[in-house]
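>>> Fold the following, please.
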Amino acid sequence: MTVYFDAASTAPLHPVARQALTAALDEGWADPARLYRSGRQARMLLDAARETVAAVLGARADEISFTASGTQSVQLGLLGALAGNRRRGGHFVHSAVEHSSVLHVGERHEAGGGEVSVAPVDRGGRADPEAFAALLRPDTALAALQSANHEVGTVQPVDEVAARCAEAGVPLLVDAAQSAGRTDVPAGWSLLTASAHKWGGPAGVGVLAVRKGVRYASPLPADEREGGRVPGYVNVPAIVAAAASLRAVRAEAERENARLHALVERIRTRVPQLVPEVEVVGDPVRRLPHIVTFSCLYVDGEVLLTELDRAGFAVSSGSSCTSSTLTPSHVLAAMGVLTEGNVRVSLPYGTAEADVERFLAVLPGLVAGVRAPLGLDLPAPEAPAGELLLVVDALGKRCPLPVIELAKRIGEVPPGGTVAVLSDDEAARLDIPAWCGMRGQEYVGEAPATEYGGDRGSAYLVLRRS
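Numbering: from 1, shown residues only. The predicted structure follows:
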C-alpha cells in the first residue's frame, strides 16, 4: 500500500467532506437561482456554505465567490483587480516565489502593455517587507503575496507587507491555498484566494474573496451568479462538502498541526544525518507544519521519485506545478538553492509516525542507489546514538523469523541508528540479545510494541554498531 506524502498537491478527501457531499447530492442538486422548493433548498445550502467559508476566512458572506479551482480564483482575482484599478496605473508587484498562476497573469499583463516588478526572496524563500514596499509606486495597481509557499512551506510576512500596501493605497491579493484551514488567515488582505482540495475538500471548488470597497471589474462577460465575479452554474454539493471540511479541519488544526510539525521536524533533522550532500530548504522556523523539502546533490529528482514510488511512497519533486515539464523550479531558483534532486514531503492529516520512520529508513538506500552509477566516494553520515530509524514488524512470526528479519534489515540504518523489532514471540526476548552479542551489535532493551505502532507484543531495540 502506498503511503501518500503529497498533501500540498492535493489532500485526501476528509471524511466530513465525503459525508456532506453524499447528503448534498440528494438535497442540493437543483438550481439555487430558482424559486421552487428544491431550488430554494439548494440556495439555503449554498448560502450556509458561503457563511461557513466566510467565517473561517475572516470575511463577509457577500465577499465570497466560488470558482472552479484555486488557479481560477487567483487569475480572476488578479485580472479583475488590475482592471478595476487601471485608472491608477498598470504596475503589478509580486514575489519571486508565487504560484505559477500568478506568473502567467504577470506575463499576460506585460504582453498587454503593463509593467511587472518582482520582489526577491532570501535563501529561505521569504520576502523582505521593506524590499517589497520599495517596489510600490504611485501607479501600482495591485500587489500579490502568497500566505505560504507551496514548494518549501515558508510562511510569508503578509501582515507586514499588507500594512505597507495599505499605506501606499495598493490592494493586496493573498493566495492562501496552502494555509487555509491549517493556520489563521493573515490580516490586511484586499483579495484572498483558496482551493478546497488543498484542505481535504473535493476538487473543483475554489474561493475568491474580494473585500468591500476594493475596485474590481470582472475580466469575463457579466453574469448574475456569484456576485458577478464568476460566470456559470455552481456545483452546490461540492461547495457544501468544501465548507463542511474546511470547518472540520480548522477545528482539528491546533492539535494536528502540533503533531505534524513534530514529524516534519524529525524529517528536517534526520535527512541530512542519513544522506550525504543534502540540503533541507525553506525557512526552518517560519514554515507550515506539514511541508518539508530537501535537495540531494548528484541526484535526478524524477528518478528518485520513481524509486520512492516503488518503495511505496508518493512524494513530489521540483516545482509542484511544473515538475512534469522537466524545467527547473522557479521557486528554488529564486531562493538560490539546488534545483535538482529535489523532494517535497507534505504530510496529510492523520499521517502515522511509523510511516515517517519507514520513509527515513528507506531513503538513504534509494539515494545511494541512484548515485551508484556515478562512482562517487561520499562519506556515510553517522546517526546520533539511540536515534530510531527503522521499525521491523515481526508480529505473528515465530522463531527464528524475528531474528532473520532483523539480520536482513539492520543494514538499512547507518551506524549509530536504532532498529525496533516488533514481536509477540517469547523466544525473541532471548534470541535478539543473543544475536546482538554474536554480531557485535548493541541490545538496548525492551519496550511496549504500542510505542512503535504495534498492537501487541514487545519492541526489542537494537543499536547498530557496525
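>>> Secondary structure class of the residue nearest to L192 when sequence neighbours are not counted, three-state.
The shortest distance from L192 to any non-neighbouring residue, by C-beta to C-beta, 6 or more residues apart in numbering, is to A209 (4.2 Å). No exception for glycine: its C-beta is placed from N, CA and C like everyone else's. Classification of A209 using DSSP: H, G, I helix; E, B strand; the rest coil returns strand.
>>> What of the one 5 residues further on?
Reduced to three states with three-state DSSP, the structure at V214 is coil.
>>> Run through the residues that contact the residue nearest to it when sequence neighbours are not counted.
In space, and not counting its chain neighbours, V214 is closest to S190: 4.7 Å by C-beta to C-beta, 6+ apart. Taking C-beta atoms under 8 Å, 6 or more residues apart in numbering, we find S190 in contact with A81, C165, P171, L172, L173, V210, R211, V214.
>>> Dig out what the fourth one forms beta bridges with.
Here L172 sits in beta bridges with A143, going by DSSP bridges.
>>> I'd like the distance between it and P129.
Plainly put, L172 is 12 Å away from P129 if you go by C-beta to C-beta, to the nearest Å.
>>> which one of the two has more residues nearby?
L172 (27 against 20; other C-beta atoms under 10 Å).
>>> My guess is that one contacts T193. True?
No: using C-beta atoms under 8 Å, L172 is not in contact with T193; the gap is 11.8 Å.
>>> one step back: which two of the contacts of S190 lie the greatest distance from each other?
Pairwise distances across the contacts of S190 (C-beta to C-beta) peak at 15.4 Å, for the pair C165 and V210.
>>> where does this protein dip in pLDDT?
Segments of the chain classed as low confidence (criterion: pLDDT under 70) are 318-327, 379-389.
>>> Where is the longest helix in it?
Under DSSP state H, the helix in the chain containing the largest number of residues is helix 236-274.
>>> Strands of the stretch 251-400 of the chain, start to end?
278-281, 291-296, 313-314, 342-346, 387-393 (DSSP state E, counting those that start in this stretch).
>>> Go through these and pick out the most buried.
strand 342-346 (a mean of 28; mean count of other C-beta atoms under 10 Å).
>>> Run the chain-centre distance for that one.
9 Å (C-alpha atoms, centre = their mean, to the nearest Å).
>>> ok, now stretch 85-103?
24 Å.
>>> try stretch 453-463
Using C-alpha atoms, centre = their mean, the offset of stretch 453-463 from its chain centre is 31 Å.
>>> Only the buried residues of it, if you could.
Residues G453, G454, G457, S458, A459, Y460, L461, V462, L463 are the ones in stretch 453-463 that count as buried (16 or more other C-beta atoms under 10 Å).
>>> Quick check: neighbours of the strand or helix carrying the fifth one in the sheet, parallel or antiparallel?
In this case it means A459. Using DSSP states H and E, A459 sits within strand 458-463. Paired neighbours of strand 458-463 in the sheet (DSSP bridges): strand 417-423 (antiparallel), strand 442-448 (antiparallel).
>>> Leaving out sequence neighbours, find the closest residue to the residue minimising distance to the centre of the chain.
In the chain, the centroid-proximal residue (C-alpha atoms, centre = their mean) is A8; its distance is 2.7 Å. Leaving out its chain neighbours, the residue that sits closest to A8 by C-beta to C-beta, 6+ apart is S346, at 3.6 Å.
>>> just checking, the one you found touches D6?
Yes: between S346 and D6 a contact is recorded at 5.9 Å, counting by C-beta under 8 Å.
>>> Overlap of the contact sets of these two?
Going by C-beta under 8 Å, 6+ apart, residues that sit against S346 and also against D6 are V315, S316.
>>> count of residues packed around P433?
Look at P433: counted by other C-beta under 10 Å, it has 18 neighbours.
>>> residue contacts, the residue nearest to L46 when sequence neighbours are not counted?
Closest residue in space to L46, ignoring its immediate chain neighbours: P32 at 4.8 Å, by C-beta to C-beta, 6+ apart. Under the criterion of C-beta under 8 Å, 6+ apart, the contact list for P32 reads G39, A42, R43, L45, L46, V234, V236.
>>> I'd like the distance between P32 and P202.
17 Å.
>>> and if you look at T339?
For T339 relative to P202 (C-beta to C-beta), the value is 33 Å.
>>> Ok, L57 next?
For L57 relative to P202 (C-beta to C-beta), the value is 18 Å.
>>> likewise G112?
Distance from G112 to P202, by C-beta to C-beta: 34 Å.
>>> who has more neighbours, these two?
P202 (21 against 9).
>>> count of neighbours near the closest residue to L347 other than its chain neighbours?
Among residues not flanking L347 along the chain, H290 sits closest, at 4.6 Å (C-beta to C-beta, 6+ apart). Applying other C-beta under 10 Å, we find 25 residues neighbouring H290.
>>> Let me see the backbone angles for H290.
phi -110, psi 0 (degrees, to the nearest 10).
>>> show me the residues around it that make contact.
A7, A8, G153, R182, N257, L260, H261, V264, S346, L347, P348.
>>> any idea how far it is from R310?
24 Å.
>>> same check, this time on E51
E51 is 46 Å from R310, by C-beta to C-beta.
>>> again with V230
V230 is 42 Å from R310, by C-beta to C-beta.
>>> who's more crowded, those two?
For V230 versus R310, neighbours defined as other C-beta under 10 Å are more numerous around V230 (21 against 10).
>>> Spit out the contact partners of the nearest residue in space to E160 that is not next to it in sequence.
What sits nearest to E160 in space, not counting adjacent residues and going by C-beta to C-beta, 6+ apart, is P129, at 3.9 Å. By C-beta under 8 Å, 6+ apart, the contact set of P129 is P157, E160, V161, R164.
>>> and stretch 417-435, how far out from the chain's middle?
37 Å.
>>> Could you do stretch 264-284 as well?
That offset, for stretch 264-284, works out to 17 Å (C-alpha atoms, centre = their mean).
>>> Start and end of that stretch, how far apart?
10 Å (C-alpha to C-alpha, to the nearest Å).
>>> Could you export the contacts of P129 as TSV, including secondary structure and neighbour count?
TSV is the format used below for those (DSSP: H, G, I helix; E, B strand; the rest coil; neighbours: other C-beta atoms under 10 Å):
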residue	secondary structure	neighbour count
P157	coil	18
E160	helix	18
V161	helix	28
R164	helix	20
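>>> Out of those, which is nearest to V362?
Distance ranking of the contacts of P129 against V362, using C-beta to C-beta, places P157 first at 36.8 Å.
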